[in-house]
Each structure stands twice: as structure tokens, then as C-alpha cells.
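Novice: Pasting the sequence and the predicted coordinates here, then a few questions.
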Amino acid sequence: MNMIVAADRNWGIGRNNGLLADLPTDMKYFREHTQGKIVVMGRKTLESLPGGKGLPKRTNIVLSANPDFEAEGCIIVHSEYELFDELAKYDPDNIFLIGGASIYNRFYKYCRRLFITKMDADLNADAFIVNIDEDEDYRLISESEPVTENGITFRFLVYARNFEGMIRARTLNF
């Protein structure tokens, strides 16, 4: 499984249930990595998408504690157990966590790769993910040249789980 997210310098990822910045190059990067793949999100993230619908050209899996929640064109799961049971049907390299903060923070430890658009700005976020640079289970394996759009400079970073992290992940009921 993978994770894809844009984060500011404080590891903020959102404000008022929306994105922190409008970065067309990052949106293109997101589409290139997730189209034709499986995306995993929480209910609030689904509701924040255009029309409150799943993303086109992807298998949308939504985790919601509400047993009555339904969403057209989405696979709804209600527990971690149901989520992993559903994810077992797919190639792990084709699965991407796409938000929100509670999903990222709860499941990133199960990811092999983390695709992070790191913005060099403090964007007054109200939703945050863990500081990946401080997580000894991951190492930075690639970093793009800086890109500047709409007054924000950012880089595309890829982190990989190191061997010790893989061993620890196996103890997380996976």
C-alpha cells in the first residue's frame, strides 16, 4: 500500500476539510499516480470531493464508522478488519491512501511508499499528519527539483519503508 498527500512545512494537510493550496502540477502528479488504481479515504474526504462522489477512473474505498453510510460508486467498509479484507483483493502496489488526516495517521505504517508533495510554506492548516522525517521506519529515496506555483514552492518526495520498519509493520495486525 502507498500514501499520497500534500503537506506544508509543519506537516499540515488541510483546512476546513479542504486542500491547503491550488497546485495544478500536484493535481497532475496525484492523477498520474492514482488513476486506474484503488484509493482509500475516510467519509469526510469523500464528501469534500467534487459532488461528494468518488474519484473517476479509480476504485474508491471509503472507511466510515456509520453503518448506514452509502455512496454511489464506492465500496464502503466500516472497520479496519473490513478494510484489510477488501484490500486483500488488490495488488498492494496499486493501493493509495488519499486522506484525510485520521486515515493517514492510522494507516501510514502499513505503507511501503509515501508520495509527499512537500510545500515550503506554513499554510495555517487545521489537519496534520505525523512528521515523516522523524519516523525511523521510513527513509527519503527521491526528491524532485523545486516547483513554484501560485506563490508556493514545493517538491515531490518519495519515502520508502526501511527493512526494520517492515519487520515492525508485520506486528501491527496486518
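Specialist: Alright, I've got the coordinates.
Novice: give me every residue that touches the spatially most central residue of the chain.
Specialist: Nearest to the geometric centre of the chain sits I98, at 3.1 Å (CA atoms, centre = their mean). I98 is in contact with 4-5, 30, 34, 39-41, 45, 55, counting by CB atoms under 8 Å, 6 or more residues apart in numbering. C-beta: built from backbone N, CA, C; applies to glycine.
Novice: just to confirm, which helix or strand has it in it?
Specialist: Here I98, judged by DSSP states H and E, is contained in strand 95-99.
Novice: so the longest helix seen in the chain versus strand 95-99, what angle?
Specialist: Using DSSP state H, we find that the single longest helix of the chain is helix 24-34. Here helix 24-34 runs at an angle of 140 degrees relative to strand 95-99 (axes from the mean of the first three to the mean of the last three CA atoms, to 10 degrees).
Novice: for helix 24-34, the distance to its chain's centre please.
Specialist: 12 Å (CA atoms, centre = their mean, to the nearest Å).
Novice: ok, then the element right after it?
Specialist: strand 38-42.
Novice: Quick check: mean pLDDT of the following helix or strand past that next one?
Specialist: Of the helices and strands lying after strand 38-42 in sequence (DSSP H and E), the nearest is helix 43-48. Mean pLDDT, computed over helix 43-48, is 95.
Novice: Same check on stretch 56-71?
Specialist: 96.
Novice: Convert it to PDB, retaining C-alpha atoms only.
Specialist: C-alpha atoms of stretch 56-71 as PDB (Å, rounded to 0.1, in the frame of the first residue of the first chain):
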ATOM      1  CA  PRO A  56     -13.400   8.700 -11.600                       C
ATOM      2  CA  LYS A  57     -11.300   6.000 -13.100                       C
ATOM      3  CA  ARG A  58     -10.400   4.600  -9.700                       C
ATOM      4  CA  THR A  59     -11.800   2.000  -7.300                       C
ATOM      5  CA  ASN A  60     -12.900   4.200  -4.300                       C
ATOM      6  CA  ILE A  61     -12.900   2.500  -0.900                       C
ATOM      7  CA  VAL A  62     -14.400   4.600   1.900                       C
ATOM      8  CA  LEU A  63     -14.000   3.900   5.600                       C
ATOM      9  CA  SER A  64     -16.900   5.100   7.700                       C
ATOM     10  CA  ALA A  65     -17.900   4.200  11.200                       C
ATOM     11  CA  ASN A  66     -21.600   4.900  10.300                       C
ATOM     12  CA  PRO A  67     -23.100   1.500   9.400                       C
ATOM     13  CA  ASP A  68     -25.800   3.300   7.300                       C
ATOM     14  CA  PHE A  69     -23.400   5.300   5.200                       C
ATOM     15  CA  GLU A  70     -23.700   4.700   1.400                       C
ATOM     16  CA  ALA A  71     -22.100   6.400  -1.500                       C
END
